[in-house]
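A.B. asks: What follows is a predicted structure for the sequence shown.
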Amino acid sequence: MASKSKITNNIADRDTPLIKNSWYVLDWSKDVGPELRNRMVINQDLVYFRTKEGTVSVLQNRCAHRCFPLHRSTLHENDTIQCGYHGLTYNTEGECVQIPSALDLNPSFISIHKYPVVEKSPMVWVWPGDPEKADPKLIPDYDWINEDDWGYGTGFYHVKGNYLAIHENLLDLTHFQYLHGAVLGTQKQLEAKVEVTVKDNKVTTYRVNEGEPVPDLHKEATGLKDIPITRHGTASFVTPGFHEGYSLFEDKQGSNNGRTEYKPHILHFITPETQYTSLYWWVFGRNFSAPDKKLDQWYSDVTRKVFEEDKDAIEWIEFQWANDDRPDFMENHVPSDKGAVKMRQIVHELAIQQSN
C-alpha cells in the first residue's frame, strides 16, 4: 500500500513522510565485502560494496540509462560497476566512465547519486537525505560497546510495520509483562511510575522498582538469581534511526562476591525500508560476564526469540491499520504513552521542517 504522505494533527503516524535527513544503519560492517549488495532505505534502493582500499561505497541501485539494478551487474577489480544491461560503467563517485556502445563519447554527462557513508563498528551508516547536511558527528556515540569490559549478543529483523511502531514499543515497556512474561517483565516493573524527559529531540523514559529479583533473562548471567534488587530502567529515542535502552541492577548488599551494580545496555538501530516496512538491528550489551563468548551467543539466541514477540505484535498492528476499514478510528493514549507521544510529536515536527 502506498503512503498517503500526509502531515496532519500534531503527532506522527504510519503515514507521516519518512525523515530523510538522518543517519540510518545500512548493514553490519562484517557483512560488507567486495561483492555487490543492495538494500532499500527510505524508499531508495542502494547498491553497496567494500572497495579495494577497504572503504564502503554506496550508490543508487539504478542505472541512469535504462534503470537496470546495479546490484545485478558486474563489479570490476578497479571498483567500477558495469551495468548488466547495456554496459554503462560507474566509478565510486557515481560518475559514468564508459559507454561501451559509444566509446568516442565523453560519458561524464551521465551520473548516479553517491550517498554519504560512515563505518562505525559494528555498523555501516548511510545518509539518504541532502548530502550537504550529512555531518558524521550526528551519528550517536556507542564506542563503549567495543571495549573489553563489554560483551554483547546481536540480531536482525525485517519487520512488516512502520518504524515508529518499533520506537514506540521500546519507549513503553509496560508491554513486558504481557508480551514477554517473566523473561523481561515483573509485576513491580509494570506498575512503576514513568518519568519522561525531553532534551532537544531526545525523549527518555525512566522507571525504578524495588525488591524483586532480576528478570529471568539475566538471572544466570549476573549470578543474582533470586536476590531482590533495585531495578532502574531507561529507554531513549535518540534519532529516527537510533534508540537505546539501558538498565541498572543494584544489589546494594553486594550479595554476589561484593558486586553491587550490573548494567545491560541495548542499542537499537531502526531503518525505515519503506513507509510500512522496517529494518531492525540490535546489540544487546552487558558489563557482566563480558569475556564469555558462549554467553554472547546465548544472549543473541534468547533475545532473538524475545524480539520475535515484538516483531509479531508490530506486524499484527500494521495489518489492522492496513486492512480494518474504520476511517474514523482514533487510538486512545494512557499515561504510560507519554514518552511515545512526545517521540511522535518530534517526528511530526521533523517532517514539517523537511517539507518546507
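C.D. replies: Right, received. Where do you want to start? Numbers count the residues shown, from 1 in each chain.
A.B. asks: Could you give me the buried positions within the helix ranked longest in the chain?
C.D. replies: Identified as the longest helix of the chain according to DSSP state H is helix 293-323. The neighbour-count check on helix 293-323 (16 or more other Cβ atoms under 10 Å) flags 295-296, 298-300, 302-304, 306-307, 309-311, 313-315, 317-318, 321 as buried. All C-beta atoms are positioned from the backbone trio N, CA, C, and that covers glycine.
A.B. asks: For the stretch 101-250 of the chain, which segments count as helices?
C.D. replies: Listed in chain order, the helices of the stretch 101-250 of the chain (DSSP state H, counting those that start in this stretch) span 163-171, 187-191, 219-222.
A.B. asks: Would you single out the least confident of these?
C.D. replies: Mean pLDDT is lowest for helix 187-191 among the helices of the stretch 101-250 of the chain, at a mean of 62.
A.B. asks: thinking again about what came up before, tell me the mean pLDDT for the longest helix of the chain?
C.D. replies: Per-region confidence: helix 293-323 scores 90 on mean pLDDT.
A.B. asks: and the angle from that helix to helix 163-171?
C.D. replies: Here the directions of helix 293-323 and helix 163-171 differ by 130 degrees (axes from the mean of the first three to the mean of the last three Cα atoms, to 10 degrees).
A.B. asks: Next secondary structure element downstream of helix 293-323?
C.D. replies: For helix 293-323, the following helix or strand on the C-terminal side (DSSP states H and E) is helix 338-355.
A.B. asks: how about that next one: buried residues?
C.D. replies: In helix 338-355, counting by 16+ other Cβ under 10 Å, buried: 338-348, 350-351, 354.
A.B. asks: List the contacts of the residue lying closest to Pro140 once chain neighbours are set aside.
C.D. replies: Closest residue in space to Pro140, ignoring its immediate chain neighbours: Phe242 at 4.8 Å, by Cβ to Cβ, 6 or more residues apart in numbering. Shown in contact with Phe242 (Cβ atoms under 8 Å, 6 or more residues apart in numbering): 23, 140, 267-270.
A.B. asks: Between those residues, identify the one with the most neighbours.
C.D. replies: In terms of neighbours by other Cβ atoms under 10 Å, the contacts of Phe242 top out with Trp23 at 27 neighbours.
A.B. asks: Which residues are in contact with it?
C.D. replies: 118, 125-127, 134, 138-139, 239, 241-242.
A.B. asks: Of those, which is the nearest to Glu250?
C.D. replies: Lowest distance from Glu250 to the contacts of Trp23 (Cβ to Cβ) belongs to Phe242, with 26.7 Å.
A.B. asks: before we move on, the earlier item: adding pLDDT and distance to Gly211, write the contacts of Trp23 out as CSV.
C.D. replies: Output for the contacts of Trp23, formatted as CSV (pLDDT from 0 to 100; distance: Cβ to Cβ, whole Å):
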residue, pLDDT, distance to Gly211
Val118, 98, 44
Trp125, 98, 41
Val126, 98, 45
Trp127, 98, 46
Ala134, 98, 48
Leu138, 97, 41
Ile139, 98, 39
Thr239, 98, 36
Gly241, 98, 37
Phe242, 98, 33
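A.B. asks: Tell me the one of those residues nearest Asn61?
C.D. replies: Using Cβ to Cβ, Val126 comes nearest to Asn61 of the contacts of Trp23, at 12.2 Å.
A.B. asks: what about the closest one, neighbour count?
C.D. replies: 24.
A.B. asks: Now it: closest residue in space that isn't a chain neighbour?
C.D. replies: Excluding its sequence neighbours, the residue lying closest to Val126 (Cβ to Cβ, 6+ apart) is Leu26, at 4.4 Å.
A.B. asks: so how many other residues sit close to that neighbour?
C.D. replies: As a burial measure, Leu26 scores 29 neighbours (other Cβ under 10 Å).
A.B. asks: Could you identify the helix or strand that succeeds whichever strand or helix holds it?
C.D. replies: According to DSSP H and E, Leu26 maps onto strand 24-28. Downstream of strand 24-28, the first helix or strand assigned by DSSP H and E is strand 37-41.
A.B. asks: Which neighbours in the sheet does the next helix or strand after that next one have, and how are they oriented?
C.D. replies: Downstream of strand 37-41, the first helix or strand assigned by DSSP H and E is strand 44-50. According to DSSP bridges, strand 44-50 forms sheet pairs with strand 37-41 (antiparallel), strand 56-60 (antiparallel).
A.B. asks: Okay, now stretch 321-334: how far is its last residue from its first?
C.D. replies: Taking Cα to Cα, to the nearest Å, stretch 321-334 runs 20 Å from one end to the other.
A.B. asks: I meant to write stretch 89-97 there.
C.D. replies: 6 Å.
A.B. asks: average pLDDT across it?
C.D. replies: Per-residue pLDDT values across stretch 89-97 average out to 98.
A.B. asks: Would you indicate which residues of it are buried?
C.D. replies: By 16+ other Cβ under 10 Å, the buried positions in stretch 89-97 come out as 89-92, 94, 96.
A.B. asks: Contacts for it next, please.
C.D. replies: Stretch 89-97 is contacted by residues 51, 57, 59-60, 64, 70, 76, 79-83, 88, 98, 100, 107-114 when judged by Cβ under 8 Å, 6+ apart.
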